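>>> Generate coordinates for the sequence data below:
(2 chains, ligands or ions: 2)
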Amino acid sequence: MLTIKDLQVRIENKQILKGLDLAVNAGEVHAIMGPNGSGKSTLASVLAGRDGYDVTAGAVEYDGRDLFELSPEDRARQGIFLAFQYPVEIPGVNNIYLLKAALNAIRAHQGQPPLDAVEFLQVVRQKMQLVNMDESLLNRSVNEGFSGGEKKRNEIFQMAVLEPRLAILDETDSGLDIDALKTVAEGVNTLRNESRAIVLVTHYQRLLNYIVPDYVHVLSDGKIIRSGDRSLAVELEEKGYDWVRQGAKAA
Amino acid sequence: MTDETAKVEELVHKEYEHGFVTDIDTDTVAPGLNEDVIALISAKKEEPEWLLEWRLDAFRHWTRMAEPAWAHVHYPPIDFQAISYYSAPKAKTDGPKSLDEVDPKLLETYEKLGIPLHEQKMLAGVAVDAVFDSVSVATTFKEKLADAGVIFCSFSEAVQNHPYLVRAYLGSVVPASDNYYAALNSAVFTDGSFCFIPKNTRCPMELSTYFRINAANTGQFERTLIVAEESSYVSYLEGCTAPMRDENQLHAAVVELVALDNAEIKYSTVQNWYPGDENGVGGIYNFVTKRGDCRGSGSRISWTQVETGSAITWKYPSCILRGDNSSGEFYSVAVTNNYQQADTGTKMIHLGRNTRSTIISKGISAGKAQNAYRGLVKISKNADNARNYTQCDSLLMGDTCGAHTFPYIETGNAGAIVEHEATTSKISDDQLFYCRQRGIDEEDAVNMIVNGFCKDVFKELPMEFAVEAQKLLNITLEGAVG
Ligand SMILES: Nc1ncnc2c1ncn2[C@@H]1O[C@H](COP(=O)(O)OP(=O)(O)OP(=O)(O)O)[C@@H](O)[C@H]1O
Ligand SMILES: [Mg+2]
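Ligands and ions are numbered 1, 2, ... in the order given. Take a look at the predicted model:
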């Protein structure tokens, strides 16, 4: 589904990603861990198509197509969803209104008719229960005045409604209390199936108790320096990143 | 130069949709202004002697006044002698008695503007008094209004049929000598609308006037007067459109509102006069004096405006809070793109006790446009327990435009509570990216964010108007962010 080869990315002449390789197949869950500033959010942003990044080398294929030929909105319509590390506030824009516009834009791309208000509300009600979303958040302005946890939950709620094929979750677990963490994990697990893939960026192996990944990767200094299964995350938590870095050098 | 600005530069403004000229015979007075021209206008309109005297008096004031220079706008001097002060469509007979008699080309024009003039559209419940250049050509729904005792007609008709009312209220809110443009308007105004809502009457429908400047080189000087008697209510909608012209045209209107005890007037404007092209050529100079007098106790006047057009806008709809417990509100969205300039705001003059005022102003600038909010809140000595809340937000699109805020506060009463909040922001790349990541295309994302910014004002507009306002906003800003 997603193939990243030798990806090199610069921001304002600073090299952030330095030759990153990653392959994600449908049905898989990948966790990416790594120290602060190692380039995890940069990777997520580049995949979603944010401006301001200079791709200096490498290639990314999504469903066999060159990802970089697609605008951010086309990537979204073709099933890429990014749960932001820091969801932005948009004053005056109704949360549910934005979501309806998003869902209908995606449906239009798939050749489906737009949902009317009643049908849309049915979808919303169902997904709201799934992620335990407080109804009062629906009609507030997008993320405005939401607590940190509410913002994260709203991202997962949007994901549940939009049903992406490739979901990238950038530290969605940070700032969540233990109950919220469980519901978010449940939301993600419900979405998990044969045709979808999920990339989790996280600092805590705790999340991986609830969403069990197929692969764990360590991103350090712009490269994936080690990949393994879930036990790698456990080991990391015990021994820290230096341990992997040493290992990488030795290898 | 940032990425965003480069794209702003690239993209051109969507062509002005209403830029067509109706080709009909007009009865136009040669350019120039003197006492003879004023006498001629007055004679053509068969006006009573007192009104001619009133006009001449205004003219004499005007000749002694200087054009104001304090606004944050720039334009070459206007040659007032080069303007024609009267232009009326020539009637085939003695003037239309019904829609069938109205020049079909005129109706076509209205059609293009989307004005609901025809029978079926009237069912929408809007009574339209359409001002085409200087003379009202069609007034609808008069009968239903007459049943309620409401008078809604062109200003000229009011002068003929209700001279006592006109004489009692004309100039009582905006005196002829008030300011340069008001004096000019008082001398040469040709037509406009007149509304009178009698005591204890709730006007049975929203009243609406569409103004449209058509003939080249004619300034348009309408005069609107709305009087709401004790415990009455009226909602009035004003929409404006002008065709495309290379020359700059002058528009200097005066609107006077009078609210007696416990009366309420809600005045909404959507203004999209031709703004000039993307190089700043052409466009309307919109110099307007709008003022409401909350004369009675417990009265209430609210101004809601969405200003998307005009090359230059100079406009401060104001409220004089004379009656005790009266309240004034001002909700404004002013959008400027390309080389447009807007200097707009309000004045809230608190005279009575327990008076309240609310000001919500949203300025949006794109391109090379300049947008200024200028507001005065004045609390007089006797205005015990007066309160004002002002919120002034500016949104910048790109980095070649400007936003300016000039709040003036004068308090003569220590018990007054005056609050002022101001913000300036940009449409952030983060907001745009967030929407696009959800599948929404860039244009829709910009519209969504801008409309969100204006929400507090749009929610004050009547429903149909709010929809039109949103569309206009989207058209005006089309391509403003790449
Ligand atoms: N717009 C920018 N301008 C300059 N440097 C940037 C910019 N964005 C990111 N960086 C730098 O790129 C590096 C990688 O940042 P990134 O946000 O990808 O890290 P991260 O792995 O997500 O870290 P964290 O775990 O703290 O979220 C950091 O050194 C950061 O300072
Ligand atoms: Mg990050």
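
>>> What residue in chain B comes nearest to ligand 2?
With Cβ to the ion as the measure, B:Asp430 is the residue of chain B nearest to ligand 2, at 14.2 Å. Any C-beta I mention is one placed from the backbone N, CA and C, and that applies to glycine too.

>>> in the lowest-mean-pLDDT helix or strand in chain A, what's buried?
Ranking every helix and strand in chain A by mean pLDDT, DSSP states H and E puts helix A:241-250 at the bottom, with a mean of 77. Within helix A:241-250, the residues that qualify as buried are A:241, A:244-245, counting by 16 or more other Cβ atoms under 10 Å in any protein chain shown.

>>> follow-up on the earlier one: can you count the residues close to the residue nearest to the residue of chain B closest to ligand 2 when sequence neighbours are not counted?
Here the nearest residue to B:Asp430 in space, its sequence neighbours aside, is A:Val88; by Cβ to Cβ, 6 or more residues apart in numbering or on different chains that works out to 4.4 Å. By other Cβ atoms under 10 Å in any protein chain shown, the residues close to A:Val88 number 17.

>>> what about A:Val88, which SS state?
Under DSSP: H, G, I helix; E, B strand; the rest coil, A:Val88 falls in the coil class.

>>> Please apply the same query to the one 3 residues further on.
Taking three-state DSSP as the rule, one finds A:Pro91 in the strand state.

>>> if we can go back for a sec, which neighbouring elements make contact with the helix or strand harbouring the residue of chain B closest to ligand 2?
According to DSSP states H and E, B:Asp430 maps onto helix B:429-437. Helix B:429-437 sits against helix A:72-77, strand A:90-94, helix B:442-458, with contacts defined as 3 or more Cβ pairs under 8 Å, 6 or more residues apart in numbering or on different chains; DSSP states H and E.

>>> Distance from whichever helix or strand comes after the last one to the middle of the chain?
By that I understand helix B:442-458. Per DSSP H and E, helix B:442-458 leads on to helix B:463-476 as the next helix or strand towards the C-terminus. Here the centre of helix B:463-476 is set off from its chain's centre by 15 Å, with Cα atoms, centre = their mean, to the nearest Å.

>>> report the angle between the axes of helix B:463-476 and helix B:442-458?
140 degrees (axes from the mean of the first three to the mean of the last three Cα atoms, to 10 degrees).

>>> low-scoring pLDDT stretches of the stretch 1-150 of chain A, where are they?
The model of the stretch 1-150 of chain A has no residue with pLDDT under 70.

>>> avg pLDDT for stretch A:152-165?
Mean per-residue pLDDT for stretch A:152-165: 94.

>>> ok, it near chain B or not?
Yes: against chain B, stretch A:152-165 shows contacts by Cβ under 8 Å from any Cβ of the partner chain at A:158, A:162.

>>> Would you mark the buried spots in that stretch?
A:152-162, A:164-165.

>>> Kindly report the same for stretch B:196-209.
B:196-197, B:201, B:203, B:205-209.

>>> From those, which land in helices?
Per DSSP state H, helices hold no members of these.

>>> before we move on, which element is A:Ala233 in?
helix A:230-239.

>>> residues in contact with that helix?
A:31, A:33, A:204-205, A:208, A:212-213, A:216, A:218, A:226, A:243-244 (Cβ atoms under 8 Å, 6 or more residues apart in numbering or on different chains).

>>> okay if I get those as a markdown table plus distance to A:Arg125 and secondary structure?
Formatted as a markdown table, the contacts of helix A:230-239 follow (distance: Cβ to Cβ, whole Å; DSSP: H, G, I helix; E, B strand; the rest coil):
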| residue | distance to A:Arg125 | secondary structure |
| --- | --- | --- |
| A:Ala31 | 31 | strand |
| A:Met33 | 35 | strand |
| A:Tyr204 | 31 | coil |
| A:Gln205 | 34 | coil |
| A:Leu208 | 30 | helix |
| A:Val212 | 29 | coil |
| A:Pro213 | 30 | coil |
| A:Val216 | 36 | strand |
| A:Val218 | 40 | strand |
| A:Arg226 | 43 | strand |
| A:Trp243 | 47 | helix |
| A:Val244 | 45 | helix |
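
>>> how about those residues, which pair is most distant?
Spatially, the most separated pair among these is A:Val212 and A:Trp243, at 22.6 Å (Cβ to Cβ).

>>> picking that back up, next one, pLDDT for the residue of chain B closest to ligand 2 please.
So B:Asp430 comes in at 92 (pLDDT).

>>> you'd agree it is up against A:Pro87?
No: between B:Asp430 and A:Pro87 there is no contact under Cβ atoms under 8 Å: 9.4 Å.

>>> Look at those two and report which has more neighbours.
When neighbours are counted by other Cβ under 10 Å, B:Asp430 and A:Pro87 differ, and A:Pro87 comes out ahead with 21 against 15.

>>> For that one, give me its contacts.
A:143, A:146, A:151-152, A:154-155, B:434.

>>> The residues you listed: which two are farthest apart?
Counting by Cβ to Cβ, the most remote pair of the contacts of A:Pro87 is A:Lys152 and B:Tyr434, 14.3 Å apart.

>>> in chain A, which spans are helices?
A:40-48, A:72-77, A:95-109, A:117-130, A:148-162, A:178-191, A:207-210, A:230-239, A:241-250.

>>> and of those, who's closest to ligand 2?
Closest approach to ligand 2 among these is made by helix A:40-48 (3.1 Å; Cβ to the ion).
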